[in-house]
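K.L.:
Based on what follows, work out the 3D shape:
(chains A, B, C and D)
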2 protein chains.
Amino acid sequence: MELKPIIRMKKNLSDEVKENLCDYIRRMDVKKNPKLPSEAALAQILGVSRVTVRRALDDLEQSGLLLRIHGRGTFVNPEAVQIKLNMTEGGELMESIIRSGYEAKVELVRVEEYDADKKLASALQIDIGARVVEIEKVFYADNHPAIVCIDRFPKDILVRPLKEDEYKTTIFDLLRDTAGKTITRDKVEVLSMSRAQMKKYSPFADQMECDSVLVLNSLNYDQNNIPIIFDTEFYNTNYIRYTLMRPKNIHYV
Amino acid sequence: MELKPIIRMKKNLSDEVKENLCDYIRRMDVKKNPKLPSEAALAQILGVSRVTVRRALDDLEQSGLLLRIHGRGTFVNPEAVQIKLNMTEGGELMESIIRSGYEAKVELVRVEEYDADKKLASALQIDIGARVVEIEKVFYADNHPAIVCIDRFPKDILVRPLKEDEYKTTIFDLLRDTAGKTITRDKVEVLSMSRAQMKKYSPFADQMECDSVLVLNSLNYDQNNIPIIFDTEFYNTNYIRYTLMRPKNIHYV
DNA sequence: AAGTGGTCTAGACCACAAC
DNA sequence: TTGTGGTCTAGACCACTTG
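P.N.:
The predicted model follows:
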């Protein structure tokens, strides 16, 4: 007996169902039988309504983990099992490196403070000339520089100066604990850059072991839709590669 | 009166609600009042249940177009209006260029046929040595090469030889009409490449007006979860830039 | 207190697949 | 015919924001 009735702990039921199913799937022998119990059966076993089961399955299908075939059933997607980094999930860079199969290490490159220029001020919706903190960190994969990350945020959202060792923690935790801001979503722009171009942004560009980098420009918004952090991440895609599962909508005609 | 009761035409009700709402939002004066009617009001006006309204709103929020604030209401997201290309949507490359604000043109670079090597055979789940068709096209933005696209698929899914002018149409339409295969989703790997590296894959690399390119390796699956097309797209991100809206899940603690 | 979004349920009916 | 996923509804209750 693998699946047990859901006991409400926190958050919502369909998330609990989702976690429960993920555990179940991990313990399944997918090659032998990739089929899940029917929705009605799951609802009964888990003790929740079918709608709730479907909400969980919707999410898992959206992320690519499950396939549903009308009239046949729900199956674990064998193509999705090997995915290490899902681009729509983001997550912490240290964990990204670990999930990619490397030993992870982070170093602080620099911390600076300056006045926002027009472009940054516009992005962060602050006044031109407002003080901004810029933190650059480098993340290593097996001691090779894999990701360079530059975070920029308005200085005045910090209620107290930061201590030396706090710079290394993630900026999100930092801002939640010191400023009470929670990042609820971000808007990412994807581009490619040569190492020469990267030099304009980072003194660390010379030490990247690749000619070109993947660049993610991410504007992070808090719960009130106010942009809080503008960060730029430079990836050596020989080490870190994002994957994206995209369902194609065939509804249109 | 802007919103009218939904009349079921095809597909599902929440998709119709979604389109209806999109039209409504486009005609809204967002700067004056970005707030939408309440879910209960929408349900009544549109003549559908609140659950159906919520399904539509869920999708629109997921894509970033809407913001919902518990206890306050649903609002058009001013940050999302300017997005031109959403990475999770994909879509046709000609349209991507037009939506990015350029004049679009496509040219066929080459059509080749060869035996699948181990790597390609593994990706397409075919035998090593099976015949594969490879088609390379270049898409121009205002007469500058912006995207190079290389499509590869097993020759035997074509029921008849292709005519000259058919190569220029999209491969998806081609395969749907000639082979009865519909692409339902794809799995995309994101990387960056220097122009020198791109030369290994494309004779057109020399003509790209940039030192580095964004590369999307996309494996396209049909309705039976069989991989049909493996295509590689090289982007000059000075012309074409994808954007991605990522909701962060704050549920976990 | 009133209004809004967030969650969940029970039940119905439809569409597709397989026997 | 049976079992499966796909869609939709009405109604209930909760949690958050605002006045």
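K.L.:
what are the phi and psi values for the nearest residue to residue A:42 once chain neighbours are set aside?
P.N.:
Leaving aside its sequence neighbours, residue A:42 sits nearest to residue A:53 (CB to CB, 6 or more residues apart in numbering or on different chains; 4.8 Å). Glycine gets a C-beta too; all of them are placed from N, C-alpha and C. Torsion angles at residue A:53 (phi, psi; degrees, to the nearest 10) stand at phi -60, psi -40.
K.L.:
same check, this time on residue A:41
P.N.:
When quoted as degrees, to the nearest 10, the phi and psi of residue A:41 stand at phi -60, psi -40.
K.L.:
so who does it touch?
P.N.:
Shown in contact with residue A:41 (CB atoms under 8 Å, 6 or more residues apart in numbering or on different chains): no residues.
K.L.:
any idea whether residue A:197 is helix, strand or coil?
P.N.:
Classification of residue A:197 using DSSP: H, G, I helix; E, B strand; the rest coil returns helix.
K.L.:
re the thing from before, which pLDDT value belongs to the residue nearest to residue A:42?
P.N.:
As predicted, residue A:53 sits at a pLDDT of 95.
K.L.:
quick one: contacts of the helix or strand harbouring residue A:51?
P.N.:
When elements are assigned from DSSP states H and E, residue A:51 belongs to helix A:50-62. Contact with helix A:50-62 is made by A:13-15, A:17-18, A:21-22, A:39-40, A:42-43, A:46, A:66-68, A:74, A:247, as judged by CB under 8 Å, 6+ apart.
K.L.:
buried sites along that helix?
P.N.:
The neighbour-count criterion (16 or more other CB atoms under 10 Å in any protein chain shown) identifies A:52-61 as the buried residues of helix A:50-62.
K.L.:
dump the residue contacts of the closest residue to residue A:83 other than its chain neighbours.
P.N.:
Nearest residue to residue A:83, sequence neighbours excluded (CB to CB, 6+ apart): residue A:243, at 4.8 Å. Counting by CB under 8 Å, 6+ apart, residue A:243 touches A:83-87, B:187-190.
K.L.:
If we use 7 Å, what do you get?
P.N.:
By CB atoms under 7 Å, 6 or more residues apart in numbering or on different chains, the contact set of residue A:243 is A:83, A:85-87, B:187-189.
K.L.:
Repeat that for residue A:188.
P.N.:
Listed by CB under 7 Å, 6+ apart, the contact set of residue A:188 reads A:216-218, B:243-244, B:246.
K.L.:
Would you mind stating the distance between whichever residue of the stretch 101-250 of chain A sits closest to DNA strand D and residue A:180?
P.N.:
Closest residue of the stretch 101-250 of chain A to DNA strand D, CB to the nearest atom of the strand: residue A:223 (7.7 Å). Remark: distance between residue A:223 and residue A:180 (CB to CB, to the nearest Å) = 10 Å.
K.L.:
Between those two, tell me which one has more neighbours.
P.N.:
Using other CB atoms under 10 Å in any protein chain shown as the criterion, residue A:223 and residue A:180 rank with residue A:223 on top: 15 against 11.
K.L.:
Show the pLDDT at the spatially closest residue to residue A:36 that is not a sequence neighbour.
P.N.:
Using CB to CB, 6+ apart and skipping the chain neighbours, the partner closest in space to residue A:36 is residue A:74 (4.4 Å). Looking at residue A:74, its pLDDT reads 95.
K.L.:
circling back: ok, the contacts of residue A:188 vs residue A:116, which is closest?
P.N.:
residue A:217 (15.9 Å; CB to CB).
K.L.:
The residue nearest to residue A:36 bridge partners, please.
P.N.:
residue A:68 (DSSP bridges).
K.L.:
Would you mind confirming that it is in contact with residue A:40?
P.N.:
No: using CB atoms under 7 Å, residue A:74 makes no contact with residue A:40, being 11.5 Å away.
K.L.:
These two - which one has more neighbours?
P.N.:
Neighbour tally, residue A:74 and residue A:40, criterion other CB under 10 Å: the higher count belongs to residue A:74, 20 against 10.
K.L.:
From residue A:23, how far off is that one?
P.N.:
Residue A:74 is 16 Å from residue A:23, where distance means CB to CB.
K.L.:
what ranges do the strands span in the stretch 1-150 of chain A?
P.N.:
For the stretch 1-150 of chain A, the strands defined by DSSP state E, counting those that start in this stretch cover A:66-69, A:73-76, A:104-115, A:131-141, A:144-154.
K.L.:
residues making contact with the second one?
P.N.:
Right, the one you point to is strand A:73-76. With CB under 7 Å, 6+ apart as the test, strand A:73-76 has contacts from A:25, A:28, A:30, A:34-36, A:38, A:57, A:65-68.
K.L.:
which parts of that strand are buried?
P.N.:
For strand A:73-76, burial by neighbour count (16+ other CB under 10 Å) applies to A:74-76.
K.L.:
Give me the longest helix you can find in chain A.
P.N.:
Longest helix in chain A by number of residues (criterion: DSSP state H): helix A:13-27.
K.L.:
Export only the CA atoms of that helix, formatted as PDB.
P.N.:
Backbone C-alpha positions of helix A:13-27 (Å, rounded to 0.1, in the frame of the first residue of the first chain) are rendered in PDB as follows:
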ATOM      1  CA  LEU A  13      -4.900  20.000  -0.500                       C
ATOM      2  CA  SER A  14      -4.000  19.700  -4.100                       C
ATOM      3  CA  ASP A  15      -0.400  20.600  -3.300                       C
ATOM      4  CA  GLU A  16      -0.400  17.800  -0.700                       C
ATOM      5  CA  VAL A  17      -1.800  15.500  -3.300                       C
ATOM      6  CA  LYS A  18       0.900  16.600  -5.700                       C
ATOM      7  CA  GLU A  19       3.700  15.900  -3.200                       C
ATOM      8  CA  ASN A  20       2.100  12.600  -2.300                       C
ATOM      9  CA  LEU A  21       1.900  11.600  -6.000                       C
ATOM     10  CA  CYS A  22       5.500  12.700  -6.600                       C
ATOM     11  CA  ASP A  23       6.700  10.400  -3.800                       C
ATOM     12  CA  TYR A  24       4.600   7.600  -5.200                       C
ATOM     13  CA  ILE A  25       6.000   8.100  -8.700                       C
ATOM     14  CA  ARG A  26       9.600   8.200  -7.500                       C
ATOM     15  CA  ARG A  27       9.000   4.800  -5.800                       C
END
